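**Q** here is the input, now give the coordinates:
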Amino acid sequence: MSKAYKLRSEEVEMVKDALLKFVIEEKTVMRESDVIHALIRYKLENMTSKEVLRYRDEVLGKDD
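**A** Numbers count the residues shown, from 1 in each chain. Now for the predicted structure:
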């Protein structure tokens, strides 16, 4: 099953910057979706709830 998610413009730019860096480093073709999928697969398990709450506070301006 797949699901579509929206990214904020700032995060899209972060993905594009990372992609450009990786393509230059590795000299191979990659896609933005490859970067996002790798981020989820290899970094998500180490994320803490505190980091999510910090994101909600700092970026979204939501105070829980």
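**Q** what segments of this structure are helices?
**A** 9-26, 32-43, 49-58 (DSSP state H).
**Q** chain center to the second one: distance?
**A** Average the C-alpha atoms of helix 32-43, do the same for its chain, and the two points are 7 Å apart (CA atoms, centre = their mean, to the nearest Å).
**Q** which parts of it are buried?
**A** Neighbour counts over helix 32-43 (16 or more other CB atoms under 10 Å) mark 35-36 as buried. To be clear about C-beta, it is placed using only N, CA and C from the backbone, and glycine gets the same treatment.
**Q** any idea which of the helices of the chain gets closest to residue 2?
**A** helix 32-43 (10.7 Å; CB to CB).
**Q** now mean pLDDT and distance to residue 3 too, for the helices of the chain, in JSON lines please.
**A** Output for the helices of the chain, formatted as JSON lines (pLDDT from 0 to 100; distance: least, CB to CB, whole Å):
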{"stretch": "helix 9-26", "mean pLDDT": "97", "distance to residue 3": "17"}
{"stretch": "helix 32-43", "mean pLDDT": "97", "distance to residue 3": "12"}
{"stretch": "helix 49-58", "mean pLDDT": "96", "distance to residue 3": "18"}
